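J.: no sequence on this one, just coordinates:
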């Protein structure tokens, strides 16, 4: 039987539908494959540089920067920063409180070169010159969750008493040209340093897709904080 001219034929629609359903397998499965088999994992770090203990010094400020391996790359956040100048509390505790925030996200395919945070503390000497009061570094915690770290600080020292007196008189104390050298081991065995002071940091660490790439950093019996679990918690509230 002939199809009336006013009635549209269903054959072209069927052929178009078949062509769409029989499209390339790579096009149909691309979003699912990207979700099921990630190529990178994420490390999200937030927290703050809380306080410091330098019994002999006051009116200090802190600089920070991150050091990481070649396979790592920051995606959001700040890689370095400088805090405000803080003074000691005149009460019972003589801590220098900054509460300076840090917030950064990294992506990587390899845990080698896990990020470190490097701290440099500066303050005035008796002549009003800004001199370094301490260097320190610590790895970002490997396990997800909340962490607190206290970093022992140190400063380079002159090799002789004459150089020490000259640097004190001129207001030019020994210091590293690049603070990132603190997070590396090369040449440290020939550097004379002196310990002084401590800095306390707090971290909130979240990882994503590490288990899918074969890396398990969660303690036994502890669920791995992830973006999905954080979203579920927000929906409940």
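T.: Alright, I've got the coordinates. Remember, predicted model here, so these are calculated numbers, not experimental data.

J.: Please count neighbours and contacts with C-alpha atoms only from this point.
T.: OK.

J.: residue ranges of the strands in the chain, please?
T.: In the chain, the strands defined using DSSP state E lie at 41-53, 61-67, 73-77, 80-82, 96-108, 116-124, 130-139, 145-156, 193-208.

J.: any idea how far residue 197 lies from residue 53?
T.: Distance of residue 197 to residue 53, computed by Cα to Cα, to the nearest Å: 5 Å.

J.: number of nearby residues for residue 73?
T.: Around residue 73 there are 15 other residues, counting by other Cα atoms under 10 Å.

J.: In this structure it contacts residue 107, no?
T.: Yes. If you go by Cα atoms under 8 Å, residue 73 and residue 107 touch, sitting 5.5 Å apart.

J.: low pLDDT regions in the protein?
T.: 1-36, 91-92, 160, 162-165, 167-172, 187-190, 219-237 (pLDDT under 70).

J.: do that again at 80, thanks
T.: Counting by pLDDT under 80, the chain has low-confidence residues at 1-37, 89-94, 158-175, 185-191, 218-237.

J.: Do I have it right that residue 182 meets residue 137?
T.: Yes. Contact criterion Cα under 8 Å: residue 182 and residue 137 qualify, at 6.6 Å.

J.: Specify which residue of the two has the higher count of neighbours.
T.: More crowded of residue 182 and residue 137, by other Cα under 10 Å: residue 137, with 24 against 20.

J.: excluding its backbone neighbours, what's nearest the more buried one?
T.: Distance criterion Cα to Cα, 6 or more residues apart in numbering; nearest residue to residue 137, sequence neighbours excluded, is residue 118 at 4.3 Å.

J.: For the one you found, which residues count as its bridge partners?
T.: On the basis of DSSP bridges, residue 118 is bridged to residue 65, residue 137.

J.: burial measure for the closest residue to residue 120 other than its chain neighbours, as a count.
T.: Excluding the flanking residues, the one nearest residue 120 by Cα to Cα, 6+ apart is residue 135, at 4.7 Å. By other Cα under 10 Å, the residues close to residue 135 number 31.

J.: and residue 135, how far is that from residue 193?
T.: With Cα to Cα as the criterion, residue 135 and residue 193 are 10 Å apart.

J.: again with residue 77
T.: In terms of Cα to Cα, residue 77 sits 32 Å off from residue 193.

J.: one step back: need the overlap of contacts for residue 135 and residue 193.
T.: In terms of Cα atoms under 8 Å, 6 or more residues apart in numbering, residue 135 and residue 193 are both contacted by the residues 154, 155.

J.: can you tell me how far the closest residue to residue 69 other than its chain neighbours sits from residue 192?
T.: Excluding its sequence neighbours, the residue lying closest to residue 69 (Cα to Cα, 6+ apart) is residue 113, at 3.9 Å. For residue 113, the distance to residue 192 equals 26 Å [Cα to Cα].

J.: Can you give me the neighbour number for residue 191?
T.: With other Cα under 10 Å as criterion, residue 191 counts 10.

J.: List the residues that contact it.
T.: Going by Cα under 8 Å, 6+ apart, residue 191 touches residue 156.

J.: Would you agree residue 139 is in contact with residue 114?
T.: Yes. Under the criterion of Cα under 8 Å, residue 139 makes contact with residue 114 at 7.1 Å.

J.: show me what contacts the nearest residue to residue 42 once chain neighbours are set aside?
T.: Spatial nearest neighbour of residue 42, chain neighbours left out: residue 107 (4.5 Å); criterion: Cα to Cα, 6+ apart. Counting by Cα under 8 Å, 6+ apart, residue 107 makes contact with 40, 41, 42, 43, 72, 73, 74, 75.
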